[in-house]
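Q: model this:
(2 chains)
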Amino acid sequence: MAEENQNAKNGKRVGLLERVKSGVREDIDSLRTDLPAKAKEQIEHLKDPTKTQVYTSIFRHKHDDTPRNRALGVLSNVFLHLHPAKINRDAVRYSYTWGMGGITFYLFIVLTFTGVLLMFYYHPTKVQAFRDVLYLEHDVPFGKLLRNMHRWAAHLMVISVWLHMFRVFLTGSYKKPREFNWNIGVLLLVFTLLLSFTGYLLPDDQLGFWAVTVGTNMARATPLLGHEGPFGAQLGMTPYNDVRFGLLGGSIVDANALLRSYIWHCIGIPIVASVLMIVHFWRVRKDGGISGPAPVMLQSEVKDPK
Amino acid sequence: MDWRQLWDIVSAPDNVPIVALIPLLIFYIYLAGKQAKANDDLIGELEASPALAKTHHRKTWPFRPGWQKEVHVWPFLLRIEFLAAIIVTAILMVWSITLSAPLEEPSNPNLTMNPAKAPWYFLGLQEMLVYFDPWIAGVVMPTLIIIGLMVIPYIDTNPLGSGYYTWRQRKFAIGTFLFGFIILWVSMIIIGTFIRGPGWQWFWPGQTWDHNRLIYEVNRDLPDLFGITSNLGKAIFGAIVVGGFFIVGGLLVHALFRRYNPRDYKRMSFLQYNLMMIFLLTMVALPIKMLIRLLFHIKYVWITPWFNI
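A: Predicted coordinates:
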């Protein structure tokens, strides 16, 4: 018991009870003094959440309004770093850019979001497809709004893609060094139309069925690869092996066509289009940002052709 | 005047996008034209006075020495993007609440829709089916449109007009694009949407769709007009006519192009010049074929055992 006696004063042995009592008193005292202090400190921190560890772990820079932080706010954010930190003062003018490329991308996001929600309610089979759309229209909460929004966003995206191409052409933005990116853009335009077209069949109603029937009937007439096209018959094309058969998964628009349409619409084309979009945005930056508004050039400043 | 019929077509939910596209196009053409005019005036001014050209900042927007040339993306660009996203969302919400997406009867292969129309953005191609066989209208033409768009940056050798609106410096390029996009593509979509009725027949706006209307039209083939009856004769004759179109048309374009676009002409390589010719003449062939059908009731000009044009 040598250690216990070290705690003793004036040779008096301190009992176990005494020691417990003093320990508890210390604990209670610390609760009364330390915790309010800590709570006060915590409240002080809450007044400035940007100093908390959670905040600093998420955002890699301070929030003070300095030019450096404004730049870092864009550069250190994975979604915003597509942008440079600074751009030409005139490049933000709506009259020049029309904003159609950005709107197209935003509509793609809206379509992905509403599309995924629609997929929860839809079976790409002849028995269920049309009933699923009726179910969406009448029973699913906000189902009608969801379907309408998907439909109208798709139409709006076609319009915004066209207007984007129109603006890029009128400003000569496809010229050196942006030739390649114009080509990516043309492919994206085609995939936008194909996305819209493959979605047309999915409700499995008369409108989609006949539109796709008319559309794919043209594939019969593909030169060389269609059974009714020039030189198709000579190359051994029949309704059962030509390019239309490959598109529909059969010789008529039926269950296989519905499934193929669904897979192209929901998986195949979105993946390809996403890859092309990545390249498209990347090249916008690599080719020197958006093309203008550039200072006007004069005929006399251009080297005359030989 | 059947207002009900007109309203049925204009207010069909799937036609609303094309109804919306027309004012949008008009607005943006106006916006581009206004800026092109301002830039062209500035270009004229600078060309007239080389001294000013040395000091001027070369834009129509105000700029003074000492002003910052660049602005921060946050907030000056991002606020516009967020605002655009909000506005588009609001438009979509209102549109989706007020107008329902069409849903017809369940698909039925035994009940043909009349007219069976493609989605509105493909109606230009469907309208082309009136004048061309499906292998041209549905396969070759779309392919050529895509490839034609893709070669544009490689055959447009004009270094001027990159990054600003102008008409004066790019008359040929812009004129050709407007012709292809507005005159051919958009107006054919408008015809396909608003004019074509049952049997893909021509119904003027406000004319009642008559599902039993028959039109007795005798379309002839061009070789018949010249009294050519043998298959071989028809094939050779058609080849001459089509080849002749490309040769005579090519010569005409050549004569005009080298006179009015001498700089572009000199800059273009052999390959660039030929590509431009092929795509331009093919594009022009479309309205020409439409005209000879509408004016002279000619169906085919070139008849072979394998294909007809």
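
Q: could you pull out the helices for the chain?
A: Let's take chain A. Secondary structure of chain A (DSSP state H): helices located at A:2-6, A:16-47, A:53-58, A:67-75, A:94-97, A:100-119, A:129-138, A:143-170, A:179-200, A:206-220, A:243-248, A:255-263, A:269-286.

Q: oops, wrong one, chain B.
A: Under DSSP H, chain B gives helices at B:3-10, B:16-48, B:50-55, B:73-76, B:78-98, B:123-128, B:134, B:141-155, B:171-178, B:187-190, B:222-225, B:231-260, B:262-267, B:270-296.

Q: who touches stretch A:277-297?
A: Taking Cβ atoms under 8 Å, 6 or more residues apart in numbering or on different chains as the criterion, the residues outside stretch A:277-297 that touch it are A:82, A:84, A:87-88, A:90-91, A:93, A:96-97, A:105, A:108, A:168, A:171-173, A:177-178, A:180-181, A:184-185, A:188, B:39, B:42-43, B:46, B:57-59, B:61, B:159-164, B:166, B:169. Yep, even glycine has a C-beta here, placed from its N, CA and C like the rest.

Q: ok so, going back, dump the helices of chain A to CSV, plus mean neighbour count.
A: As requested, the helices of chain A are exported to CSV (neighbours: other Cβ atoms under 10 Å in any protein chain shown):
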stretch, mean neighbour count
helix A:2-6, 8
helix A:16-47, 10
helix A:53-58, 10
helix A:67-75, 16
helix A:94-97, 18
helix A:100-119, 19
helix A:129-138, 18
helix A:143-170, 22
helix A:179-200, 20
helix A:206-220, 22
helix A:243-248, 20
helix A:255-263, 18
helix A:269-286, 15
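
Q: tabulate these (JSON lines), appending mean pLDDT.
A: As requested, the helices of chain A are exported to JSON lines (pLDDT from 0 to 100):
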{"stretch": "helix A:2-6", "mean pLDDT": "53"}
{"stretch": "helix A:16-47", "mean pLDDT": "91"}
{"stretch": "helix A:53-58", "mean pLDDT": "87"}
{"stretch": "helix A:67-75", "mean pLDDT": "88"}
{"stretch": "helix A:94-97", "mean pLDDT": "92"}
{"stretch": "helix A:100-119", "mean pLDDT": "97"}
{"stretch": "helix A:129-138", "mean pLDDT": "96"}
{"stretch": "helix A:143-170", "mean pLDDT": "96"}
{"stretch": "helix A:179-200", "mean pLDDT": "96"}
{"stretch": "helix A:206-220", "mean pLDDT": "89"}
{"stretch": "helix A:243-248", "mean pLDDT": "91"}
{"stretch": "helix A:255-263", "mean pLDDT": "96"}
{"stretch": "helix A:269-286", "mean pLDDT": "96"}
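
Q: just name the most buried of the helices of chain B.
A: helix B:123-128 (a mean of 23; mean count of other Cβ atoms under 10 Å in any protein chain shown).

Q: just want the residue of the stretch 151-300 of chain B that's nearest chain A.
A: Per Cβ to the nearest Cβ, B:G163 is where the stretch 151-300 of chain B lies closest to chain A, at 2.9 Å.

Q: for that residue, grab the count of nearby residues.
A: 21 (other Cβ atoms under 10 Å in any protein chain shown).

Q: cool, and the one 5 residues further on?
A: With neighbours defined by other Cβ under 10 Å, the count for B:R168 comes to 17.

Q: before we move on, what about B:N219?
A: Neighbours of B:N219 (other Cβ under 10 Å): 10.

Q: contacting residues around it?
A: B:R293, B:H297, B:I298, B:K299 are the contacts of B:N219 under Cβ under 8 Å, 6+ apart.

Q: go again using 6 Å as the cut-off
A: B:N219 makes contact with B:H297, B:K299 under the criterion Cβ atoms under 6 Å, 6 or more residues apart in numbering or on different chains.

Q: OK, contacts around the residue of the stretch 151-300 of chain B closest to chain A?
A: Per Cβ under 6 Å, 6+ apart, neighbours of B:G163: A:S291, A:G292, A:A294.

Q: ok, now B:V241?
A: B:V241 neighbours (Cβ under 6 Å, 6+ apart): B:V301.

Q: so how far is B:V253 from it?
A: Taking Cβ to Cβ, to the nearest Å as the measure, B:V241 falls 18 Å from B:V253.

Q: ok, A:S274 next?
A: Distance from A:S274 to B:V253, by Cβ to Cβ: 41 Å.

Q: which one of the contacts of B:G163 is nearest to B:M188?
A: A:S291 (29.8 Å; Cβ to Cβ).

Q: burial check on the closest one, number of neighbours?
A: Counted with other Cβ under 10 Å, residues neighbouring A:S291 total 22.

Q: what residues go with each domain of chain B?
A: Split into domains by the TED database, chain B comes to B:1-60+B:73-100+B:119-213, B:216-308.

Q: could those domains go into a markdown table alongside mean pLDDT?
A: Listed next are the domains of chain B as a markdown table, based on pLDDT from 0 to 100:
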| stretch | mean pLDDT |
| --- | --- |
| domain B:1-60+B:73-100+B:119-213 | 92 |
| domain B:216-308 | 91 |
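
Q: stretch A:165-174 close to chain B?
A: Yes: using Cβ under 6 Å from any Cβ of the partner chain, stretch A:165-174 reaches chain B at A:F169, A:L170, A:T171, A:G172, A:Y174.

Q: the residues you listed: which two are farthest apart?
A: Top of the distance list for these (Cβ to Cβ): A:L170 and A:Y174, 10.5 Å.

Q: need the contact list for A:L235.
A: Residues in contact with A:L235 (Cβ under 6 Å, 6+ apart) are A:L224.

Q: gap between it and chain B?
A: Taking Cβ to the nearest Cβ, to the nearest Å as the measure, A:L235 falls 11 Å from chain B.

Q: report how many residues lie close to B:S11.
A: For B:S11, using other Cβ under 10 Å, the count is 11.

Q: A:L82 too?
A: 15.
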